[in-house]
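next comes the sequence, and after it the predicted model I'd like to discuss.
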Amino acid sequence: MGKYYSEEFSAVSKERDEYEKSITDFIFRCEKGKEKQRREFMSPEDYALSPEHFRNEFIKMLGFPLNLPIEKPKLINKTFVAKDGDINIYRMQFEVLDGIKYYGIFFEQSKSDAPFLIGFHGKEGTPEVCSSIYKDSSNYNHMIRRATDRGASVFVGQNLLWNKNEYKEDYDREWVDSRLRRLGGSVVALELYITSCLLSYFAENHGINMNKVGAFGLSYGGMYTVLFSAIDKRVKACCSCSWFSDTDGHTFPDWCHKNAEFTFGNAQIAGLVAPRPMALAMGNADQIFNGQGTLLEGEMVKEYYKAFNKQDNLICYLFDGVHEFDTTDKGLNFLFEALND
């Protein structure tokens, strides 16, 4: 057999490079006019006239299992962890959707009629980290315990986001997400559905005041805070830190949904919370997101609140800090004032 022709890899470097760049150019061409189309799809005036229509369209976009009725989760285990002042700390495990086992930590106030908050940790986080049980809370800045110190009961669950290398407990979120997308949903839709089911559990079994239900979170948890508040009207007020920014800066697969470029950008998703009180915060030295994008996108969210004449129910601001939960208490003050009003 004769020797076949061969050449160096670099012989077609130009062609490979041009192919990659041409795909990017193609995407930019397809995206042209996207912001205008999003505004036309869900104008503040149309949203104010028919909020449930747009909420249902958003839920439809997120897909399975949010298209299923909210079910009552089964409590598998409730373990007393500690008593800390007026707080009883429990680790709780639930079964949802006939076999999914989900756990979290519940910080329960001894007094009745306390605000009830759902907390969301960020990427590589756990309920223990954000509640100061591990590592003195890292960049969460004692997020959960600052809320309990103000008199709130808080439940924070474990989403499929913990640090695999640190905890030596492996998982493949992308695999899970891809399989759920084949079923018409996503891992984000699944975890939002589970959260709605858990809120139903606490409403039925712990006598929480449904007029004092809130949500808050950092980073990925900031995303979950906004999305959960958008789809579940039982959330009366929320505080999202270090996530809300320019839609184009949010390119993780978990933050991108089919046809969202022309329907639900970050401003429209946050707009679905209107007219309920919402705080959107970003550090002015955040290493991941551009704070100016937060303010610019926030101006669009304000239009949805203006449509209800409820501009005071929204604050969107920068704080002096990095990718962390705001230490100034501005967002938490706003959240608790809304829940205790």
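In hand now; what should we look at? In this text the structure is predicted, and so the values were computed from the model without any measurement.

contact partners for N159?
By C-beta atoms under 8 Å, 6 or more residues apart in numbering, the residues touching N159 are 120-121, 191, 220, 224. (Each C-beta comes from the backbone N, C-alpha and C, glycine too.)

who wins on neighbours among those residues?
Of all those, F120 has the most neighbours under the rule other C-beta atoms under 10 Å, reaching 32 neighbours.

in the sheet, who's paired with that one?
Counting by DSSP bridges, F120 forms beta bridges with G217.

report pLDDT for it.
pLDDT, F120: 98.

tell me who's in contact with it.
156, 159, 215-218, 220-222, 224-225, 228 are the contacts of F120 under C-beta under 8 Å, 6+ apart.

wait, is L117 part of a strand?
Yes - under DSSP: H, G, I helix; E, B strand; the rest coil, L117 falls within a strand.

shaky segments in the stretch 151-300 of the chain?
Within the stretch 151-300 of the chain, the segments meeting pLDDT under 70 span 249.

can you give me the strands for the stretch 151-300 of the chain?
153-157, 213-218, 237-241, 278-283 (DSSP state E, counting those that start in this stretch).

out of the ones you listed, which gets nearest to H53?
Minimum separation from H53 across these (C-beta to C-beta) falls at strand 278-283, 20.3 Å.

tell me the strands beside that closest one, with direction?
Sheet pairing of strand 278-283 (DSSP bridges) gives strand 237-241 (parallel), strand 314-319 (parallel).

which one of the contacts of N159 is nearest R16?
Nearest to R16 among the contacts of N159, counting by C-beta to C-beta, is Y220 at 33.6 Å.

tell me the contacts of that closest one?
Y220 makes contact with 120-123, 125, 159, 161, 243, 254, according to C-beta under 8 Å, 6+ apart.

rerun that using 6 Å as the cut-off
Y220 makes contact with 122-123, 161, according to C-beta atoms under 6 Å, 6 or more residues apart in numbering.

neighbours of K111, how many?
By the criterion of other C-beta under 10 Å, K111 has 8 neighbours.

backbone torsions only: list them for it.
phi -80, psi 150 (degrees, to the nearest 10).

next one: it from G298, what distance?
According to C-beta to C-beta, to the nearest Å, K111 and G298 sit 35 Å apart.

same deal with Y140?
Distance from Y140 to G298, by C-beta to C-beta: 23 Å.

more neighbours, these two?
In terms of neighbours (other C-beta under 10 Å), Y140 is the more surrounded of Y140 and G298; the figures are 26 against 21.

return the most buried member of the strands paired with strand 278-283.
strand 237-241 (a mean of 29; mean count of other C-beta atoms under 10 Å).

columns distance to A203 on top of the contacts of Y220, output as JSON lines?
Listed next are the contacts of Y220 as JSON lines, based on distance: C-beta to C-beta, whole Å:
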{"residue": "G122", "distance to A203": "26"}
{"residue": "K123", "distance to A203": "29"}
{"residue": "L161", "distance to A203": "25"}
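
got those residues as a markdown table, with neighbour count columns?
As requested, the contacts of Y220 are exported to a markdown table (neighbours: other C-beta atoms under 10 Å):
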| residue | neighbour count |
| --- | --- |
| G122 | 28 |
| K123 | 17 |
| L161 | 22 |
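
nearest to E31, of the contacts of N159?
The closest of the contacts of N159, once distances to E31 are taken by C-beta to C-beta, is Y220, at 24.3 Å.

what separation do you get for that closest one and F319?
Counting by C-beta to C-beta - Y220 and F319 are separated by 19 Å.

could you do K14 as well?
From K14 to F319 the distance is 47 Å (C-beta to C-beta).

repeat that for V213.
From V213 to F319 the distance is 25 Å (C-beta to C-beta).

try R91
In terms of C-beta to C-beta, R91 sits 32 Å off from F319.

over to N266?
Taking C-beta to C-beta, one finds N266 at 19 Å from F319.

show me the contacts for the residue nearest to the spatial centre of the chain.
In the chain, the residue lying closest to the centroid (C-alpha atoms, centre = their mean) is Y224, at 1.3 Å. When contacts are counted by C-beta under 6 Å, 6+ apart, Y224 touches 120, 217.

let's go with 10 Å and repeat that
Y224 makes contact with 118-122, 157, 159, 161, 188, 191-192, 195, 215-218, 240, 243, 254 under the criterion C-beta atoms under 10 Å, 6 or more residues apart in numbering.

and it, how far from L49?
28 Å.

cool, and Q311?
From Q311 to L49 the distance is 18 Å (C-beta to C-beta).

these two - which one has more neighbours?
Set Q311 next to L49 and count neighbours by other C-beta under 10 Å: Q311 wins out with 15 against 11.

this completes my enquiry, with thanks.
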